[in-house]
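In: Pasting the sequence and the predicted model now:
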Amino acid sequence: MALPKNYLVDATLERLGTSFLDLYNSKIGDDVREFLAVIFFEELIEPETGRQRNLKELRSLYYRDKFKRTKKNWHSALIKSINKTSKNPKELMAEVKFIREGIEKGFIDLANNYHVTDIKDLIADRLSEVDKWVNDDTKLLSDYKYIKDKTKNQIKNTLKIDSIITVTSLVIEEFGGDFNRIVKEVNDLFSELPLPGKTGRTKFMDFHEDLAVENSVTAEIYEDGNLSIRTLLGKTLIEEKNSIALTPMDYEIFNFILSRRDYEFVEKQKIYVDIGDIVKNMYSSRGVKEYKRIRERLEKLKHLSFDIKADDGKKYIFDLFDHITYLDEAETKAEIKINEFMHQRYIDNQVTKIYSDKIQNFQLELSENIVFILQKERFAKNSLLDDSIDRKKGIAYPLAFFTRRLRLPTRKKDALTKVENSLHELVDNHVTIKSFRRVNDVFHIEFLPITEHEAEDLIDAKHQKVLFLET
């Protein structure tokens, strides 16, 4: 998945604060966003593979060899400067020279202005202040007392080190050190169709051999008007099981695996995953039992196929995975080859994305499904430069729009309640939609505007004919 540049820049600048930005603007002066973006691409991504570097190792390297070492070197140089004679003193001794001249000319009173009785006390106070800075890891290099006396190159390097320390800390603390968890994406085919297990557990118990598809059995046939979804499972999967279930976690695992795609995926349809990463993303504990469950779910996904006849008459028959090959004896690392049909959909960017922190507080199971459906609509409707659309009045979506994409209760009243409750949750979390109102069985939805930064992170460049709106 592409690096969410704007999210990282925005979040990093927020953590760095105004003093960082003021220093950058006064001493460097170029576009700070471009400065950070270039650093992130150069330092955080492996150029050969397109994969992210190990952020814990990178942060440790910067902390030890650049951050702490620079602090100690500057502190040591400051102490040495006290006993040096210079016509053009820097930093502390430049301040001392200025104060002495001020005392001689009568515009500085040491006691009143600096709360000390002599210059030696002032020097001792300044060294103590810098010593505290050295030993306080919450203080950045750019917080150094005399940072503005450094050269432009020194300041630029300082800002780079601070940025790397800050962005790696942010991603480690908020997203487990994984860039792919900043943005969540779902294949549009999954969000557009009422697939089994998407909104809740779907249990298959009645299997029928399928003569049309070799080595497969039909687990379920779902029909709604012109739409038909036939779910197929491999014969070997059901030989020792009376029932098999699909759940939202199975789709989560698939989405997680696809978030790991890199150059190998583009060229060879292959994705390399660490089973431990999947376990960590799905479970609160990481024991033998959890590893076994993930392998079982991967086996199920490998044997899962769909035969779909859509409303528009198009027919899709596809698997999810072509094969799964474990690369070590303990089966902790795997090579997964994605089916050609699914591979092409990702190559064509037929996915919808959202910042994961926008949806992490959802309580209703249906809300995450609905948010991807409406996020896709939000991007599509904002890309239409159509003056006939009054976005403030909202765009009408009948209940049928949702029932063609989700398996909702058959009782109309219950289905309306479920959709309405989820829409309230979206509004409360300020994600995708700004407001809505229901008139009978039609929802009139006003979407949140799309900012340019959001579009750059979440919409592929070739699909970015977006009407940008200010928030």
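Out: Here it is on my side, so go on.

In: Mind listing what's buried along stretch 208-221?
Out: Applying a neighbour-count criterion of 16 or more other C-beta atoms under 10 Å, one finds 210, 216, 217, 218, 219, 220 buried in stretch 208-221. Just so you know, the C-beta spots here come from the backbone N, C-alpha and C atoms, and that holds for glycine as well.

In: can you name the two of those that are farthest apart?
Out: Largest separation among these by C-beta to C-beta: 216 and 220, giving 12.6 Å.

In: Flag the shaky bits of the stretch 201-350 of the chain, pLDDT-wise.
Out: Applying pLDDT under 70 to the stretch 201-350 of the chain picks out residues 210-213.

In: just the strands in it please.
Out: Remark: strands assigned in the stretch 201-350 of the chain by DSSP state E, counting those that start in this stretch are 202-204, 208-209, 216-224, 227-234, 244-246, 270-274, 304-309, 315-319, 321-326, 333-338.

In: What of the stretch 351-471 of the chain?
Out: 351-355, 395-398, 433-439, 442-447.

In: right, and these - which one's nearest residue 110?
Out: Per C-beta to C-beta, nearest to residue 110 of the strands of the stretch 351-471 of the chain: strand 351-355, 53.5 Å.

In: OK, contacts around the spatially most central residue of the chain?
Out: For the chain, residue 182 is the residue whose C-alpha lies nearest the centre (C-alpha atoms, centre = their mean; 1.1 Å). By C-beta atoms under 8 Å, 6 or more residues apart in numbering, the contact list for residue 182 reads 4, 7, 8, 171, 175, 355, 356, 357.

In: next one: residue 221
Out: Residue 221 neighbours (C-beta under 8 Å, 6+ apart): 228, 229, 230, 231.

In: Surely the first one and residue 311 touch.
Out: Pointing back at residue 228 there. No - the criterion here is C-beta atoms under 8 Å, and residue 228 misses it with residue 311 at 9.8 Å.

In: residue ranges with poor pLDDT in the stretch 1-150 of the chain?
Out: If you take pLDDT under 70 as the line, the stretch 1-150 of the chain has these spans: 1.

In: for it, what spans make up the helices?
Out: Counting by DSSP state H, counting those that start in this stretch, one finds helices in the stretch 1-150 of the chain at the ranges 5-27, 32-44, 55-62, 69-81, 91-105, 119-135.

In: just checking, what packs against the fourth one?
Out: Applying 3 or more C-beta pairs under 8 Å, 6 or more residues apart in numbering; DSSP states H and E, we find helix 69-81 packed against helix 91-105, helix 119-135.

In: want to throw the ones you listed into CSV with distance to residue 262?
Out: Listed next are those as CSV, based on distance: least, C-beta to C-beta, whole Å:
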stretch, distance to residue 262
helix 91-105, 46
helix 119-135, 40
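
In: Which of the ones you listed sits closest to residue 35?
Out: It is, among these and with distance given as C-beta to C-beta, helix 119-135, at 23.8 Å.

In: Compute the inter-axis angle for the closest one and helix 91-105.
Out: 150 degrees (axes from the mean of the first three to the mean of the last three C-alpha atoms, to 10 degrees).

In: I'd like the helices of the stretch 1-150 of the chain laid out as a markdown table, including distance to residue 158.
Out: Shown next, in a markdown table, are the helices of the stretch 1-150 of the chain (distance: least, C-beta to C-beta, whole Å):
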| stretch | distance to residue 158 |
| --- | --- |
| helix 5-27 | 8 |
| helix 32-44 | 12 |
| helix 55-62 | 12 |
| helix 69-81 | 7 |
| helix 91-105 | 14 |
| helix 119-135 | 13 |
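
In: So for residue 401, which of the ones you listed sits nearest?
Out: Residue 401 lies closest, by C-beta to C-beta, to one member of the helices of the stretch 1-150 of the chain: helix 5-27, at 29.6 Å.

In: helices or strands up against that closest one?
Out: On a contact count with 3+ C-beta pairs under 8 Å, 6+ apart, helix 5-27 meets helix 32-44, helix 152-175, helix 452-458.

In: I'd like to know which of those is closest to residue 186.
Out: Evaluated with C-beta to C-beta, the helices and strands packed on helix 5-27 place helix 452-458 nearest to residue 186, the distance being 12.1 Å.

In: can you pull the buried residues of the closest one?
Out: Under the neighbour-count criterion of 16+ other C-beta under 10 Å, helix 452-458 has 453, 454, 455, 456, 457, 458 buried.

In: With stretch 308-319 instead?
Out: For stretch 308-319, burial by neighbour count (16+ other C-beta under 10 Å) applies to 308, 309, 318, 319.

In: if I pick the second one, what's in contact with it?
Out: Taking C-beta under 8 Å, 6+ apart as the definition of contact, the neighbours of residue 309 are 226, 227, 228, 315.

In: Quick check on the nearest residue to the first one once chain neighbours are set aside: phi, psi?
Out: In this case it means residue 226. Once flanking residues are discounted, residue 226 sits nearest to residue 311: 5.0 Å by C-beta to C-beta, 6 or more residues apart in numbering. Backbone torsions for residue 311, taken as degrees, to the nearest 10, come to phi -60, psi -30.
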